[in-house]
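Enquirer: Predicted structure and sequence below. I'll ask about it afterward.
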Amino acid sequence: MNMEKLVSKYIDSAKHVLESMEVTQTSVTVDAADVTRVVDYAKDYLNDAEYYREKEKFKVSLTSVAYCEGLMDALRLLGAVKFEWPRTRKDTR
């Protein structure tokens, strides 16, 4: 599958979910086990990103690390974890 078709597939899938999802009426409870499970998924995506970088499959690597970041951002937005993404320093030379 070429990159354009792959991107379109993921966009279409995300659109479908956003258009058809149902917001639950109950409050969301996230316990430590749930957080740990999601962090483990994020670690797996990061490991995948490193693996594909070594194989010089940079598009797949970028996608994998983006999934990792998305999961971590979601946990942070839910208040389940605290962190800040590192900022790059401007070159002062």
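Expert: Noted; the coordinates are in hand.
Enquirer: Sticking with P86, tell me its helix or strand.
Expert: Element membership for P86 (DSSP states H and E) is empty, with no helix or strand holding it.
Enquirer: One more: E56?
Expert: With DSSP H and E as the test, E56 turns up in no helix or strand.
Enquirer: confidence score at it?
Expert: Here the pLDDT value assigned to E56 is 93.
Enquirer: And for K82?
Expert: Looking at K82, the pLDDT reads 94.
Enquirer: tally of neighbours for it?
Expert: 7 (other CB atoms under 10 Å). C-betas here are computed from N, CA, C, even on glycine.
Enquirer: Put the alpha carbons of the strand or helix carrying Y51 into CSV.
Expert: Y51 is part of helix 32-54 when elements are defined by DSSP H and E. The C-alpha coordinates for helix 32-54 follow below in CSV (Å, rounded to 0.1, in the frame of the first residue of the first chain):
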residue,chain,number,x,y,z
ALA,A,32,-3.3,3.1,38.3
ALA,A,33,-3.7,-0.2,36.4
ASP,A,34,-5.4,1.5,33.5
VAL,A,35,-2.7,4.2,33.4
THR,A,36,0.1,1.6,33.5
ARG,A,37,-1.5,-0.4,30.7
VAL,A,38,-1.7,2.8,28.5
VAL,A,39,1.9,3.7,29.4
ASP,A,40,3.0,0.2,28.4
TYR,A,41,1.3,0.7,25.0
ALA,A,42,3.1,4.0,24.6
LYS,A,43,6.4,2.3,25.4
ASP,A,44,5.6,-0.4,22.8
TYR,A,45,5.0,2.3,20.2
LEU,A,46,8.3,4.0,21.2
ASN,A,47,10.2,0.6,20.8
ASP,A,48,8.6,0.2,17.4
ALA,A,49,9.7,3.7,16.4
GLU,A,50,13.3,2.9,17.4
TYR,A,51,13.2,-0.5,15.6
TYR,A,52,11.8,1.1,12.3
ARG,A,53,14.4,4.0,12.6
GLU,A,54,17.1,1.4,12.7
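Enquirer: Give me the contacts around that helix.
Expert: Outside helix 32-54, the residues that touch it by CB atoms under 8 Å, 6 or more residues apart in numbering are 58, 60-62, 64-65, 67-68, 71-72, 74-75, 80-81.
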